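>>> Generate a structure from the sequence data that follows.
(one chain, ligands or ions: 1)
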Amino acid sequence: MAPMVMLGSRDATPRRYWGEGQGPTASPSQASLLLARINSRARERKAGMGQRRLSVGLGEEQELGEGLSTPKHTNMVVQSVTPREQIEATPKDHPVDAATPVTKAELRVNGVRTEETSPDIEAMKKKKRKKKDSEGEESKGVLETSEIPESVGEDGTPIIKKKKKRKKDREELQMDDEESQSAIPETEMAEAELVQRTLPHWLAKPTLISRDLVAGSTPLDSFCGLDACLVEELKFQKVQQLFPVQKVVIPEILASAGPLSCRYRPRDLCVAAPTGSGKTLAYVLPLVQTLKSRTVPRIRVLVLLPVQELVNQVYNVFCTYCKGTPLHVGKAVGLTAMSKEQANLVENHLGCYHSLVDILVATPGRLADHLRMTQGLDLSALRYLVLDEADRMLAAEGGDWMHHIERAIVDHRARQENQLLLQPPLQRLLFSATLSSDPEHLQHVALHHPKLYTVAASAAGEADRDKSTAVVTGQFVRPAELREEFVVVEEEVKPLALHHLLVSGKGRHRVLVFTNSIKATHNLALLLAALSEGSGRVVAEFSSKSRKRHQVLSQFREGKIHVLVSSDAMARGVDIPDIDHVVCYDVTVASTYVHRIGRTARAGRPGTALSLVTKPMLREFRRALSDEGKGASQLTLSHEELEPYEQQYIDALATLKKMLEEEEREKHQKQIHIGKRKQLNRRQRVRKQKKQKLADKRRGMRKFTVNANNLRHHNEY
Ligand SMILES: Nc1ncnc2c1ncn2[C@@H]1O[C@H](COP(=O)(O)OP(=O)(O)OP(=O)(O)O)[C@@H](O)[C@H]1O
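Reported below is the predicted structural model:
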């Protein structure tokens with residue numbers, strides 16, 4: 001049976017997974033090939049063991065079985081040494097003399113010189129022989145120059161005796177060397193088997209959550225485990241039911257914080273549930289519930305998110321539910337000055353540092369800054385490490401930042417003054433709508449005995465666990481209330497098509513448009529604004545370059561902006577409840593597409609995602625859709641429908657051109673201004689330096705005079 005190798009589990013340490021000498025940069029496919037090669041080598045080595053021979057002088061050899069032979073009357077114990085050890089030991093322990101064939105390695109077993117046929121070379125030889133064999137089979141009857149017929153048959157056909165003899169010899173050798181010869185075809189078969197990727201059990205057999213937010217929810221009143229103040233707050237926030245993900249994950253986290261948690265380390269949780277299904281509350285509620293009875297404030301929860309907007313959003317949710325508790329929430333996001341953030345996180349009282357927060361929400365970059373610069377920031381009491389949008393976080397910078405943070409936690413624990421204090425076990429909670437089953441990403445977090453919660457792709461998947469494995473092997477589940485549409489348009493008329501859809505679409509009150517770049521976002525926002533002039537529709541842009549993005553976001557939330565054009569900076573996690581339409585102006589990859597369209601149809605509300613696709617991108621787009629695009633409906637758009645906007649479009653393009661030229665001019669002038677200022681500064685600096693030099697020179701002379709006077713004065717005595 002082919003040996004099973006688990007990928008991505010905790011048991012599969014990176015060394016086992018990537019193979020010897022391979023760095024973690026290898027891709028899973030490379031890793032699979034490596035595994036196949038390693039396993040085939042192992043088999044070849046095993047086969048090579050059978051060919052080991054002992055030779056002492058020229059004595060008569062006696063069969064020892066398993067291909068071992070020893071001279072008669074030699075009393076010795078044969079040690080079993082692995083071929084690798086032998087090969088590595090050979091040059092150091094017993095140098096091979098020049099006359100010795102290179103393919104043979106030597107070592108001493110109980111003081112007796114042994115010869116070991118290098119298994120790798122032998123395997124290559126065998127492969128060559130096999131190839132020759134097969135060639136021979138194919139060219140049966142074809143005469144080769146090296147094989148001169150020794151005799152001719154009665155019918156005049158040449159008889160290839162030599163070849164037959166060789167083949168016979170080989171067959172005998174095969175018998176002698178037991179499985180060693182048969183190892184070649186077996187290895188090839190094994191390669192074919194081993195290349196198959198095997199998911200660890202926790203990934204292959206996840207715990208399923210219902211996708212239906214209505215049918216799968218549970219009434220808040222019938223849910224046990226949450227304090228009255230939390231339930232009150234939930235009701236105040238108009239939460240009457242707990243969504244399926246909350247129904248399942250909250251009790252799991254609460255249970256892992258039970259009395260046994262100080263003795264047994266709780267298992268880490270991975271939650272993959274669709275966008276807008278309430279993942280945030282699924283961790284906020286149990287964490288607040290667990291920590292609310294703490295006595296001393298220390299950082300016990302660390303929530304990491306990829307962007308500032310998400311940090312603010314999650315920080316606000318924590319603040320809402322911590323209201324009736326003594327818990328303090330802090331954030332490290334980089335929106336305010338470092339010193340201000342530091343003052344909010346740590347307090348220095350009579351030379352001792354005290355944490356001012358119990359829950360810290362941060363971006364990894366800002367947290368790293370605080371770990372370097374904020375004295376007294378202590379993670380030794382950390383109980384929960386939450387990674388929201390975990391797949392994105394772990395993919396960023398190869399997930400290296402994660403090692404730094406884990407290192408900091410370990411260091412802080414080691415530095416703890418009172419080592420007798422029981423250190424709380426650290427539990428990792430990973431959340432995302434597209435939580436990858438790719439072990440390459442998950443390996444950055446050393447998950448402890450992990451458990452995966454995921455949503456079945458379909459009702460069939462819910463009934464049949466095996467069908468649901470599609471969920472963890474790359475198919476991302478969308479909210480049940482989401483409608484996907486697409487329209488095939490030419491590149492040149494894309495803005496016009498979008499304008500037409502905005503004008504003609506009833507109920508398109510709040511639309512979020514995604515493009516693939518900052519520049520495209522800017523240009524499209526300007527063009528749409530020009531096209532919407534006089535219609536009362538407010539168009540704005542939200543891109544990573546925009547300084548006013550927080551203001552823009554709140555205006556969009558309040559309904560003051562109707563159409564918001566954005567790059568993928570807004571694709572993940574941002575929760576604006578009333579977005580009724582998401583437009584994907586440019587085609588993108590499946591995971592990003594799922595997050596983009598997930599900005600609508602949130603928390604059980606209906607929503608539509610519309611994609612503008614050009615013909616060349618149609619194939620790529622279909623790949624991003626679920627079920628090969630069966631779930632998406634195609635809209636048609638004729639040229640006649642766009643004709644009425646022709647003049648408007650021409651004018652808008654002219655306006656856009658003017659605006660871009662104006663911007664370019666402003667930018668140029670700004671650069672000139674900056675350049676002039678720099679030049680001026682440089683001149684001022686040079687002048688200042690000259691003055692300084694002159695002053696130094698004078699002072700130096702005076703010094704010298706003073707010194708000389710002193711000297712004279714001293715000499716007088
Ligand atoms: N039980 C509930 N009842 C009603 N609304 C809820 C409930 N739970 C969460 N919500 C609301 O659903 C919305 C989406 O929740 P949340 O942002 O947690 O989704 P998510 O699963 O994290 O989505 P994403 O993957 O896009 O980040 C929020 O506005 C939240 O207030």
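
>>> contacts and neighbour counts: CA atoms only from here.
Will do.

>>> Next, M617: secondary structure please.
Taken by DSSP: H, G, I helix; E, B strand; the rest coil, the conformation at M617 corresponds to helix.

>>> How about the helix or strand containing Q551, which residues are buried there?
Assigned by DSSP states H and E, Q551 falls within helix 549-558. Neighbour counts over helix 549-558 (16 or more other CA atoms under 10 Å) mark V552, L553, F556, R557 as buried.

>>> And stretch 243-255, by the same measure?
F243, P244, V245, Q246, K247, V248, V249, I250, P251, I253, L254, A255.

>>> Let's see which of these end up in strands.
Using DSSP state E, no member of the buried residues of stretch 243-255 falls in strands.

>>> show me what contacts the residue nearest to R537 when sequence neighbours are not counted?
Counting by CA to CA, 6 or more residues apart in numbering, H562 is the residue found nearest to R537 once chain neighbours are left out, at 6.1 Å. Each residue near H562 by CA atoms under 8 Å, 6 or more residues apart in numbering is listed here: H509, R510, V511, R537, V538, V539, F556.

>>> Look up phi and psi at H562.
phi -100, psi -40 (degrees, to the nearest 10).

>>> pretty sure Q423 contacts A381?
Yes: applying CA atoms under 8 Å, one finds Q423 in contact with A381, separated by 6.7 Å.

>>> Now the common contact residues for these two.
What both Q423 and A381 touch, as defined by CA under 8 Å, 6+ apart, is the set R413.

>>> and these two? which has more neighbours close in?
A381 (21 against 14; other CA atoms under 10 Å).

>>> re earlier: among the buried residues of stretch 243-255, which lie within helices?
Among the buried residues of stretch 243-255, DSSP state H puts P244, V245, Q246, K247, V248, V249, I250, P251, I253, L254, A255 in helices.

>>> Grab the nearest non-local neighbour of the fifth one.
By the measure of CA to CA, 6+ apart, the closest residue to V248 outside its immediate chain neighbours is I209, 7.4 Å from it.

>>> Which ones among the ones in helices among the buried residues of stretch 243-255 also lie next to the ligand?
With CA under 6 Å from any ligand atom as the criterion, these include none near the ligand.

>>> Between these, which sits nearest the ligand?
Nearest to the ligand, judged by CA to the nearest ligand atom, of these is Q246 at 7.3 Å.

>>> And the contacts of H562, which is closest to K676?
Taking CA to CA as the measure, K676 lies nearest V539 of the contacts of H562, at 36.0 Å.

>>> Need phi/psi at the closest one.
phi -110, psi 140.

>>> again with Q241
Torsion angles, degrees, to the nearest 10, at Q241: phi -130, psi 150.

>>> same question, V587
phi -80, psi 140.

>>> What pLDDT does the model give the closest residue to it other than its chain neighbours?
Nearest non-adjacent residue to V587, counting by CA to CA, 6+ apart: F621, 6.1 Å away. pLDDT recorded at F621 is 91.

>>> now swap in D388 and tell me
94.

>>> Surely it touches L302?
No: in this structure D388 lies outside contact range of L302 using CA under 8 Å: 10.7 Å.

>>> Contact partners for F542?
T521, R549, V552, L553, L564, V565, S566, S567, A569, M570.

>>> Show me where the stretch 201-350 of the chain has its strands.
207-209, 218-219, 241-242, 269-272, 301-304, 329-332, 346-349 (DSSP state E, counting those that start in this stretch).

>>> tell me what the second one is packed against?
Read it as strand 218-219. strand 241-242 (3 or more CA pairs under 8 Å, 6 or more residues apart in numbering; DSSP states H and E).

>>> who touches the strand it packs on?
Against strand 241-242 from outside (CA under 8 Å, 6+ apart): S217, T218, P219, L220.

>>> what do you get if the cut-off is 10 Å, keeping everything else the same?
Strand 241-242 is contacted by residues 213-214, 216-223, 234-235, 247-248, 250, 278, 281-282 when judged by CA atoms under 10 Å, 6 or more residues apart in numbering.

>>> what lines up beside that strand in the sheet?
Strand pairing for strand 241-242, determined by DSSP bridges: strand 218-219 (antiparallel).

>>> Quick check: the gap between the residue nearest to V248 and the ligand.
To the ligand, I209 is 13 Å away according to CA to the nearest ligand atom, to the nearest Å.

>>> same deal with G536?
28 Å.

>>> Tell me the one of the contacts of F542 nearest the ligand?
M570 (10.3 Å).

>>> Now that closest one: phi and psi?
Torsion angles, degrees, to the nearest 10, at M570: phi -110, psi 10.

>>> shouldn't it be in contact with R596?
Yes: applying CA atoms under 10 Å as the test, M570 and R596 come out as touching, 7.8 Å apart.

>>> any residues in contact with both of these two?
In contact with both M570 and R596: L512, V513, F514, using CA under 10 Å, 6+ apart.

>>> Look at the first one and say how many residues are nearby.
In other words, L512. Neighbours of L512 using other CA under 10 Å come to 25.
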